[in-house]
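> build me a model:
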Amino acid sequence: MIIDIIVVLFFSILLFKLEAKKFLFAGLIYFYLYIIYIYTGTIMMYYDEFYQKDIYFEKLQTIVRGGFFSIILAYFTTYFTVKRKDIKHINLEVNLNESKKYAFSIVAGFIVLISTLYLIMIPNYPLFTMFTNPSQFDVIRESATTTFVNFGFYDNFFNFFLPMVWLIFLFQYKNKLFLFLFVLNIFISLNTGLKSPIVYFLFLLVLGMSLRNKQINYLKISFYFIISLTFLMALVVFQNWHLLNGLSLDSLELAWQGLQRRIFYGGVLPLKQYLEFFPQFMNHYYLSPPEIVPSKLVYAYAYPDTKIVGTANTISLGNLYAAFGNFSLVFILFYFISLFIFLFDRIWFNQMKNSFDYSVYIMFCLISVKLVMTDWYTLMPTFIIFTFSFFGAIYLIESFLHYFASSKKSFVFYAPNKIFAIFSILMFLYFFQGQIKGLILN
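The predicted model follows:
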């Protein structure tokens, strides 16, 4: 493992010198988070007596190392083929046209309305329970999220559309709606009882402000990182208050150990569980996935005594291994997944022209974080559909605004071209009807 530490440090410093000094680009975030969530946990397991005796640990080392070098190879493939524009090409002086500003304001209004409806309709408030009855927190949180029949509908807005809107306003210096929408986003997430979205929103805020200022502020990132850790520790203490003997150094130490384990083992431990489950309890399924998704099967295997139907976190490595089993094929496929991430990062960054584009890019940075813990086929199609739907909603609203404001009563699409506008609108209508249908049926 000494060699692993040297290799990780070498490439971490190399990529930092090549690009990360200027800005923490999406592909670099993906690379560094793989080290934090996957590789660091593997190294820690190596020095843990419990895992040293585990018969699957050697396979875990192999797949983690192979995945790491697949990412490195994908990075240098794009580094030498697609030149990235300097971050100074960002031009925040380019103002959006009036119709687009009105369209964004209308979308913001709808999202505020949807957020208010959620707060009215949820059966319980986990935030209140956390302080009044911590022992029931997990049950109450489940009732307000996974078992709440309409949560999927609201979750899409809280974790994608609402951040997209306040990021757009963030890039418009004098727009006061940014702060209101950001605070609303934090408040709603607190009321769901989920911790990770709060950290994600702080991440989006710091990265968005860094892009707006055209430089990465690592001191500010460190400050927000400490705030996030403190916040998460506080939540862990409050959630387990009924199990602790008051607030003490011992309780804080236990909270820190639990948080440390969640951070560094949260990705690599489920990956090891995939290696245990396939093919011992289920054969590799190749291109015919089982009726129950592998993440649920692995979760049920890892936590047989729990009554909660959960899913196991894992990167695409876990699902690729579950499907094919052959490490060589897994690494080749993982290389192409990583290649897509680095290519999208560079190509979109080079094409950004206004606050709308910047917002999409920052959201992709968040997707790069989540891709370390979640399979690509859950996140990437969702990201693409949501992004096109957001474009389509704006184009459709703009077109109606122009129709009613113009004496000629004509529809005009303020988009790069009509084909892109029509496709985006169709995607929005497809997404919107699906959301409404799910809301009505539930």
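> so residue 298 sits right up against residue 272, yeah?
No. Checked against CB atoms under 8 Å, the pair residue 298 and residue 272 is beyond contact range at 10.1 Å. The C-beta positions use only the backbone N, C-alpha and C, and glycine is treated the same way.
> check which residues of stretch 339-348 are buried.
For stretch 339-348, the neighbour count (16 or more other CB atoms under 10 Å) marks 339, 341, 342, 343, 344, 345, 346 as buried.
> I meant to write stretch 20-35 there.
20, 23-35.
> and what of stretch 199-218?
Residues 199-208, 210-212, 216 are the ones in stretch 199-218 that count as buried (16+ other CB under 10 Å).
> and it, how far out from the chain's middle?
Counting by CA atoms, centre = their mean, to the nearest Å, stretch 199-218 is centred 15 Å from the centre of its parent chain.
> now do that stretch, average pLDDT.
Confidence for stretch 199-218, expressed as mean pLDDT, is 86.
> then stretch 305-322?
Taken as a whole, stretch 305-322 has an average pLDDT of 80.
> quick one: buried residues of it?
The neighbour-count check on stretch 305-322 (16+ other CB under 10 Å) flags 311, 312, 313, 314, 315, 316, 317, 318, 319, 320, 321, 322 as buried.
> mind putting the buried residues of stretch 339-348 in JSON lines, secondary structure and distance to residue 399 included?
Formatted as JSON lines, these follow (DSSP: H, G, I helix; E, B strand; the rest coil; distance: CB to CB, whole Å):
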{"residue": "339", "secondary structure": "helix", "distance to residue 399": "37"}
{"residue": "341", "secondary structure": "helix", "distance to residue 399": "33"}
{"residue": "342", "secondary structure": "helix", "distance to residue 399": "35"}
{"residue": "343", "secondary structure": "helix", "distance to residue 399": "32"}
{"residue": "344", "secondary structure": "helix", "distance to residue 399": "28"}
{"residue": "345", "secondary structure": "helix", "distance to residue 399": "31"}
{"residue": "346", "secondary structure": "helix", "distance to residue 399": "32"}
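> show me which of the residues you listed is closest to residue 106.
Closest approach to residue 106 among these (CB to CB): residue 344, at 28.8 Å.
> the closest residue to the closest one other than its chain neighbours - how many residues pack around it?
Nearest residue to residue 344 in three dimensions, chain neighbours excluded: residue 364, at 6.7 Å (CB to CB, 6 or more residues apart in numbering). Using other CB atoms under 10 Å, residue 364 has 22 other residues around it.
> then residue 401?
Number of residues near residue 401 (other CB under 10 Å) recorded here: 18.
> so it is in which element?
In the assignment (DSSP states H and E), residue 401 maps to helix 376-405.
> related to what we said a few turns ago, didn't the residue nearest to residue 344 look like it was pressed against residue 25?
No. Residue 364 is beyond contact range of residue 25, at 10.0 Å (criterion: CB under 8 Å).
> okay, and the common contacts of these two?
Overlap of the contact sets of residue 364 and residue 25 (by CB atoms under 8 Å, 6 or more residues apart in numbering) consists of residue 345.
> for the helix or strand the residue nearest to residue 344 falls within, packing partners?
If you go by DSSP H and E, residue 364 is part of helix 355-370. Applying 3 or more CB pairs under 8 Å, 6 or more residues apart in numbering; DSSP states H and E, we find helix 355-370 packed against helix 26-34, helix 162-170, helix 196-212, helix 327-351, helix 376-405.
> now tabulate the ones you listed in a markdown table and tack on distance to residue 5.
What follows is these, written out as a markdown table (distance: least, CB to CB, whole Å):
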| stretch | distance to residue 5 |
| --- | --- |
| helix 26-34 | 15 |
| helix 162-170 | 35 |
| helix 196-212 | 26 |
| helix 327-351 | 21 |
| helix 376-405 | 28 |
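> who wins for proximity to residue 55 among the ones you listed?
Nearest of the helices and strands packed on helix 355-370 to residue 55, taken as CB to CB: helix 327-351 at 16.6 Å.
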